[in-house]
Each structure stands twice: as C-alpha cells, then as structure tokens.
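*Asks:* need a 3D model of the sequence below.
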Amino acid sequence: MMTTGTCCVSRFARRSAAWLCAALLGSCAVSRPAPPPGAAAFDLSNAADISADFETLRQKFGIPALAGAAAKKGRLVRIGAAGVRTAGAPEKVTVNDLWHLGSCTKAMTATLIAILVDRGKLKWTTTIGETFPELRKTIRTEFHDVTIEQLLLYRAGNPGTPPEVWQEFFSGGESPRDQRMRVVRVTLALPPLFPPGIEKRYSNEGYAIAGAMAERVMNRPWEDLMRDELFLPLGMASAGFGAPGRPEVDDQPRGHQVQETLSVPVEPGPGADNPPAIGPAATVHCSLVDWLKFACMHLEGAKGGSVFLTTETFRKLHTPPAGDDYALGWIAAANLQKGELTLLHSGSNTMWFCTIFILKHNDLAIVVAANQADERAQSACQEALGGLIVQAEFRAMEGPSPSNRGYLGVTLKTGEDGQECVVTGVQPGTAAERAGVRVGDVILAVGGSPVAGAEEARAAIGGRVAGQKAEFRIKREHTELKLTAELGAWPKP
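*Replies:* Next up, the predicted model:
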C-alpha cells in the first residue's frame, strides 16, 4: 500500500529545521503591505541558474534528478534542475518541469479551508456531524463533534482506510468526490483510535475528510475548488493532481521506486500515485516556480503583508497548539517576541520526495524536489536546501556581486534598539570565520567608521573589493575587540 508523508518524512523535516534554524536565526526584514508578487517577480531570466550545483549533488547521491529554487524578498533569485526525467533514458529535466508534492499538498488544502473560513462558508469549529447530518446514525457518535480544525491538526482520532477499500480505490469506478465520501462513511464508522482532541496521530484520511467537508459546503469537487480558489489567483498555471506527465511520453519526470540499488521509473497512471480519495492530503503536482508562488504568499502573510487572507487567518494557519510543532499543514517553529517564524513540510508518495522551507525573519522561501524518495534522495534534498540558503541568504545580505567585490560571509540583523548590527550567521570557510567573527558579535565599526544597524554595515562591507583588508570593531558580550578580515571573492552561484 502506498503511503504519503510517512514518519520518516516528518523526521527529515524536523531534522532539517533543527540544523538550519540554528545556523540562520536573524536578519529580520521590514514588513510592509503588498499584493502577491506578479509575474515579473518570478521571471527565470532574473534568477541565477544553479543547475550545475544540483548536478554535483545528484551524482553524489546517485539519484535520477534533483531540482530546487529560492525566492528572497518575494523574488526568484536561484533556480536549477539536473538529471533525467526517467532513469535509463536521455531526456533531461528542466526548471519548468512538474514535481509531485506528496504531503506538501496538506498546506494547500489547509489554505483552501482558510479561504472558505474567511469567506464565511466554514468555521474552524464546523463539525463532521453538522456537515453530514445524514450520517449521524451510521458513524460513531465520538466523531459527531470533531471539528475541521481537529482534522487538519491530526487530532480527530479517526482510523485509517481498511486495506480492502484502499485497493478498491485503485480499481477506479468512483469519482474522486465519491471516493472521499466513502472515506467519511467507512473510517468514521470504526472505533476512534483515541478520544478526539486528546492526542495527535498522523492521518491522510483526516485531510480527505476535511476536503469532503469543503466539497459538501461548496457543492464542488476539491480539485475544482483548489484550481479556482488557490491556483488561479496565485497564477499557478502548472498545478494539477496525480503523477505528472502522460504515459509512454517522456514529457515530465517520472517517480522512481528503488529495487535494491536500481532506480525503477513508474509510468503515470493509477500505480504512480495515491488514489484521489486522499487527494487533499497528497496528490498536487506543479512546477518549482508555481510552488514558490504559494510559499511566498505564506511568507507575505506571516509578515502581515498579504491580501490573500486576513492576518488573523495566516496566524491561525501558522500557529501550532501549545506544546506541539504541527500547525495547519505546516511544521512550525516561532519566537513571537522576536518576530521569528520558520515553516516547513516534506512530502513523498514513496516515489518522489520534496521539501518546502520558509524563513520569515530572513524573508526567504525555498523548495527542493527529487523524483525518488529513498534515503539518498532525502539526503540530496537536505544538502540542496542548505546550499540554496547559503547562496540566497549570504549573497543577498551583502548586496550585488560584481566580480571584484569583497565577500565577508555573514548574515546580519539590526538589534531591537535599532542601532546595533548583530551577526546572526557565519558561513564556514569565509573571511569572517578566518578572522574569528562569531554569531552574536555586534559590529560597531567597519574600517574605522561607526555603523548603526545592519544596512549601514552591509553598505560598508559592500564598498570594498576582494583581497582588501578591513578592520572590524566588535562587541562580544561585554568586551570590545578589533578583528581584521581579508575579504574573499564572491562565491560562484
């Protein structure tokens, strides 16, 4: 039986969050109201092509293909794709190809529900019993008062789909909407795994039931609601459902199963993805750029600058229950006092793997994907994610990069007093590390000139050339120090 968003995916996402957040806390951007970015913000011609970097990683881990993209301050800055669509075939992947998102679909379904909440069609407290009153006599009474929010938080206690029903979904014959209603009728007639609202347990069926509730309220299939309410407004023209591409035509990447050490492609069709019954949990595909549009919408919303949903609704989507890290479709880590927020999720249908990563305080959104899902693919995605952060974040912090401009290799943020320039990251192997700069240092002066805040420090650093020595006066805890750094050359994209 195929599964999506398995426990190993959650472990990967949390492991990625831990080491990336530890390295990158800081660099807060000023929030300002703005509409969702237009087409120009995602123009490929304005982004650096880093396909060669992905090819290095792809070869290192021995997977068919690897791709990813990054947006900084709402604009595409890095994108790349390397490898082949189908193992053993010559057709290369491109930056415009489509990638299966697996459980990263969940954040999209939660966003659809949020749209309907803002519109007054649903409430977070809308229950299964009131949505399907005709089923109150056939489903367990424990589920009558389960809310749509509890379903999205994995706290409904609903069991999984029986294997025999799952197999029937693959055989076809029912519309996707009918399949989801069968999930509602069959799973909710079984005893709950735990009293609703008490515990948390991963559940694709929970998202399927939430999708069915949206379908009932709007009297339209979830797929149509997603297209009209989410994909079209965001300009996600490539978005669709199921494994991308056409059978026997090498027009899009194929997902791959691993047999021993061999990558075995799976042609698009019923065996290439989970059934539509759990579409709201796991079946969206789209291009890298279109996925970034969705990510940037959430990034702007987290900063209070998106018109797509209310600020209160974005906060609801991004805030997990107390003591937990799973919000509505996102793994979330926040420090509300400092205005810091990290959102991430990984997805896999066992033949694809992908991760979405958003850093509010760095104004950064990243997506990475592979057309294979084993440990090699997960490790390749993790390294690609880290590389994109370094390239998009460290380069952006010091402005444009003419060939002779000096490179220090730090991330900076302005302190709470509006005057201090605090070092929040030191890139390994750079001039900053060699000079002894540390995370937490406060830069007081560059080249003898005092600096107030991160912007002045960046301007002072950016005005020097590679090979030039620059003296930094810094404060470390309660001691002032002078460090000298010989600025390096800007790294190649």
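
*Asks:* from here on, just use CA atoms for contacts and neighbour counts.
*Replies:* Will do.

*Asks:* quick one, what contacts the closest residue to G418 other than its chain neighbours?
*Replies:* Once flanking residues are discounted, G418 sits nearest to G453: 6.3 Å by CA to CA, 6 or more residues apart in numbering. Contacts for G453 were tallied using CA atoms under 8 Å, 6 or more residues apart in numbering; they are 413-415, 418-422.

*Asks:* from E91, how far off is G453?
*Replies:* 50 Å (CA to CA, to the nearest Å).

*Asks:* now A52
*Replies:* A52 is 17 Å from E91, by CA to CA.

*Asks:* repeat for L44
*Replies:* The spacing between L44 and E91, counted by CA to CA, is 21 Å.

*Asks:* over to C286?
*Replies:* For C286 relative to E91 (CA to CA), the value is 19 Å.

*Asks:* so those two - more neighbours on which side?
*Replies:* Per other CA atoms under 10 Å, whichever of C286 and E91 has more neighbours is C286, with 22 against 15.

*Asks:* T109 contacts G279, doesn't it?
*Replies:* No. Taking contacts as CA atoms under 8 Å, T109 lies outside contact range of G279: 9.2 Å.

*Asks:* low-confidence regions, the stretch 1-150 of the chain specifically.
*Replies:* Within the stretch 1-150 of the chain, the segments meeting pLDDT under 70 span 1-40.

*Asks:* could you pull out the helices in it for me?
*Replies:* Along the stretch 1-150 of the chain, counting by DSSP state H, counting those that start in this stretch, helices occupy 7-24, 51-61, 105-118, 128-131, 148-152.

*Asks:* how's the protein carved up into domains?
*Replies:* According to automatic domain parsing, the chain comprises the domains 1-397, 406-489.

*Asks:* ok, for the residue nearest to the spatial centre of the chain, nearest residue in space, not its chain neighbours?
*Replies:* Geometric centre of the chain, nearest residue: I356, 1.8 Å, by CA atoms, centre = their mean. In space, and not counting its chain neighbours, I356 is closest to V367: 4.5 Å by CA to CA, 6+ apart.

*Asks:* and the nearest residue to G129 once chain neighbours are set aside, how far from A277?
*Replies:* Closest residue in space to G129, ignoring its immediate chain neighbours: H144 at 4.2 Å, by CA to CA, 6+ apart. According to CA to CA, H144 and A277 sit 21 Å apart.

*Asks:* between those two, who's got more neighbours?
*Replies:* A277 (30 against 19).

*Asks:* OK, contacts around that one?
*Replies:* Listed by CA under 8 Å, 6+ apart, the contact partners of A277 are 169, 176-177, 179-180, 183, 208.

*Asks:* assign it to helix, strand or coil.
*Replies:* helix (DSSP: H, G, I helix; E, B strand; the rest coil).

*Asks:* got the residue ranges for the helices in the stretch 251-400 of the chain?
*Replies:* Secondary structure of the stretch 251-400 of the chain (DSSP H, counting those that start in this stretch): helices located at 279-282, 288-302, 311-318, 375-389, 395-397.

*Asks:* what is the burial count for A373?
*Replies:* A373 is flanked by 25 other residues according to other CA under 10 Å.

*Asks:* give me phi/psi at it?
*Replies:* phi -130, psi 10 (degrees, to the nearest 10).

*Asks:* that one touches S348, doesn't it?
*Replies:* Yes. Under the criterion of CA under 8 Å, A373 makes contact with S348 at 6.5 Å.

*Asks:* show me what V84 bridges to in the sheet.
*Replies:* Counting by DSSP bridges, V84 is bridged to K92.

*Asks:* OK, contacts around it?
*Replies:* Applying CA under 8 Å, 6+ apart to V84 gives the contacts 64-65, 90-93, 253.

*Asks:* which of the contacts of A277 fall in helices?
*Replies:* In helices, judged by DSSP state H, the following of these are found: 169, 176-177, 179-180, 183, 208.

*Asks:* out of those residues, which one sits closest to H478?
*Replies:* A208 (55.6 Å; CA to CA).

*Asks:* ok, A380 touching Q59?
*Replies:* No. With contact defined as CA under 8 Å, A380 does not count as touching Q59 (9.6 Å).

*Asks:* have a look at these two and say which one is more surrounded.
*Replies:* Shown here are A380 and Q59; by other CA under 10 Å, A380 has more neighbours (26 against 15).

*Asks:* what residues are up against the more buried one?
*Replies:* With CA under 8 Å, 6+ apart, A380 has these contacts: 57-58, 61, 66.

*Asks:* can you say which of these are buried?
*Replies:* For these, a neighbour count by 16 or more other CA atoms under 10 Å gives the buried set as 57-58, 66.

*Asks:* mind putting these into JSON lines with distance to C296?
*Replies:* Converted to JSON lines, those look like this (distance: CA to CA, whole Å):
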{"residue": "L57", "distance to C296": "26"}
{"residue": "R58", "distance to C296": "26"}
{"residue": "L66", "distance to C296": "21"}
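
*Asks:* re the thing from before, min pLDDT across the contacts of G453, which one?
*Replies:* Among the contacts of G453, G418 carries the lowest pLDDT, at 70.

*Asks:* that one: neighbour count?
*Replies:* Number of residues near G418 (other CA under 10 Å) recorded here: 11.

*Asks:* same question for A208.
*Replies:* Neighbourhood size, A208 [other CA under 10 Å]: 29.

*Asks:* skipping adjacent residues, who's closest to it in space?
*Replies:* I278 (4.9 Å).

*Asks:* list the contacts for the one you found?
*Replies:* Neighbouring residues of I278 by CA under 8 Å, 6+ apart: 180, 204-205, 207-208.
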